[in-house]
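Novice: Pasted the sequence and its predicted model underneath.
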Amino acid sequence: MENYEIKIDSFEGPFDLLLFFIERDELDIHDIPISKITDDFLDYIQQLNALNIEVASEFILMASTLMRIKAKTLLPRPGLEEEDAEDMKKDLMQKLILYKQFKDLCEKLKPLEEARFKQHKRGNILAETSLIAKGNSTVEEELSALTLYRLMMVYENIMDRYLERKKEVKHTIVRYPYTIEQQKKAIKELVKINKKLDFSMIASQSENKVQFVYTFLAILEMLQQQLLQIETGLGYNNFFIHQKTS
């Protein structure tokens, strides 16, 4: 005996099924043919019953609504104060249009959701949520019974910490007009004039610490290039520089 697999598409609700029929047959959502769409809807429910699949109450309610509109359209009963078939159809279409708007919006939000899942979760959550807990209770216990008053108290606590926090540190970047090449040229000229330069004199004649650092780096580079010669004297930091003799 051969086995046959019957596949029935699943839908999130009756409006989702109606939209499927409308898009499949390229129907106008603002003027749907009730007779045809009712037959398609009932045929789908009958297939579910044939497979012993429990039909949700929402689908049964929609089926009864469609059958009622179809019956009123085919067999009008004038003179009776009952809800008009056109009004029922208009109300159904408005709900269907609104459902489609939400469904389209969810499709647009889905890429944002997928992109969000790719991001790392916010760190230090335990430290922040521990502010909510009181006494020996855990964070999970506090969150399970969180009240609007507790949220307000946590908000006030956070705002107090925000207002009392230390002043943010601001760094000012100053562009100094010094380069190592410029200082090398200046040292070369001074050595040429004075023959010998005292290191302490170089430090005292500097405009500021930054210029002295550039001058010191320039001296080291000139010593490495063997353009200068160093001579040490007595005492701490007592040395001289002069032009290298061959």
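Specialist: Received the coordinates, thanks. Numbering: from 1, shown residues only.
Novice: which residue is nearest the middle of the chain?
Specialist: By Cα atoms, centre = their mean, the mean C-alpha position of the chain lies nearest to R116, the distance being 5.8 Å.
Novice: Just give the number of residues close to I173.
Specialist: Using other Cβ atoms under 10 Å as the criterion, I173 is surrounded by 4 other residues. Bear in mind the C-beta positions are built from the backbone N, C-alpha and C, glycine included.
Novice: can you pull the pLDDT of it?
Specialist: pLDDT for I173: 82.
Novice: and the gap between it and F216?
Specialist: From I173 across to F216, the span is 22 Å (Cβ to Cβ, to the nearest Å).
Novice: and the longest helix along the chain, what other elements does it pack with?
Specialist: Counting by DSSP state H, the longest helix found in the chain is helix 85-117. Applying 3 or more Cβ pairs under 8 Å, 6 or more residues apart in numbering; DSSP states H and E, one finds that helix 85-117 contacts helix 14-24, helix 57-74.
Novice: Give me the contacts around the helix or strand following the first one.
Specialist: I take that to be helix 14-24. Once the chain leaves helix 14-24, the next helix or strand it forms, by DSSP states H and E, is helix 34-50. Residues outside helix 34-50 that contact it (Cβ atoms under 8 Å, 6 or more residues apart in numbering): 8, 14, 17-18, 21-22, 25, 27, 54-55, 59-60, 62-63, 66-67, 69-70, 73-74, 89.
Novice: Sketch out the low-pLDDT regions of the protein for me.
Specialist: For the chain, applying pLDDT under 70 flags the ranges 1-10, 51-55, 75-83, 122-149, 166-169, 235-237, 246.
Novice: go with 90
Specialist: Low-confidence segments of the chain (pLDDT under 90): 1-180, 182-183, 186-212, 215-216, 218-220, 222-246.
Novice: the domain parsing of it - what is it?
Specialist: Using automatic domain parsing, the domain parsing of the chain gives 14-117, 125-164, 180-243.
Novice: quick check, distance from the first one to the centre of its chain.
Specialist: Right, the one you point to is domain 14-117. 36 Å (Cα atoms, centre = their mean, to the nearest Å).
Novice: What of the last one?
Specialist: From the chain centre to the centre of domain 180-243 is a distance of 55 Å (Cα atoms, centre = their mean).
Novice: For that domain, measure first residue to last.
Specialist: Domain 180-243 stretches 18 Å from its first residue to its last (Cα to Cα, to the nearest Å).
Novice: Likewise for stretch 20-40?
Specialist: 10 Å.
Novice: Next, the buried residues of that stretch.
Specialist: For stretch 20-40, the buried set under the neighbour-count rule, 16 or more other Cβ atoms under 10 Å, comprises 21-22, 32, 34, 37-38, 40.
Novice: Farthest pair within the residues you listed?
Specialist: Within those, I22 and T38 form the most distant pair, 12.9 Å apart (Cβ to Cβ).
Novice: Measure how buried Q182 is and give me the count.
Specialist: 14.
Novice: where's the residue nearest to the centre of the chain relative to L109, distance?
Specialist: 10 Å.
Novice: same check, this time on A71
Specialist: With Cβ to Cβ as the criterion, A71 and L109 are 39 Å apart.
Novice: Among the two, which residue is more densely surrounded?
Specialist: A direct count of neighbours by other Cβ under 10 Å for A71 and L109 places A71 higher, at 14 against 11.
Novice: Residues contacting stretch 96-106, please?
Specialist: 15-16, 18-19, 29-30, 32.
Novice: quick one, phi/psi of the closest residue in space to F240 that isn't next to it in sequence?
Specialist: Nearest residue to F240, sequence neighbours excluded (Cβ to Cβ, 6 or more residues apart in numbering): E231, at 4.7 Å. The phi and psi values for E231, taken as degrees, to the nearest 10, are phi -140, psi 120.
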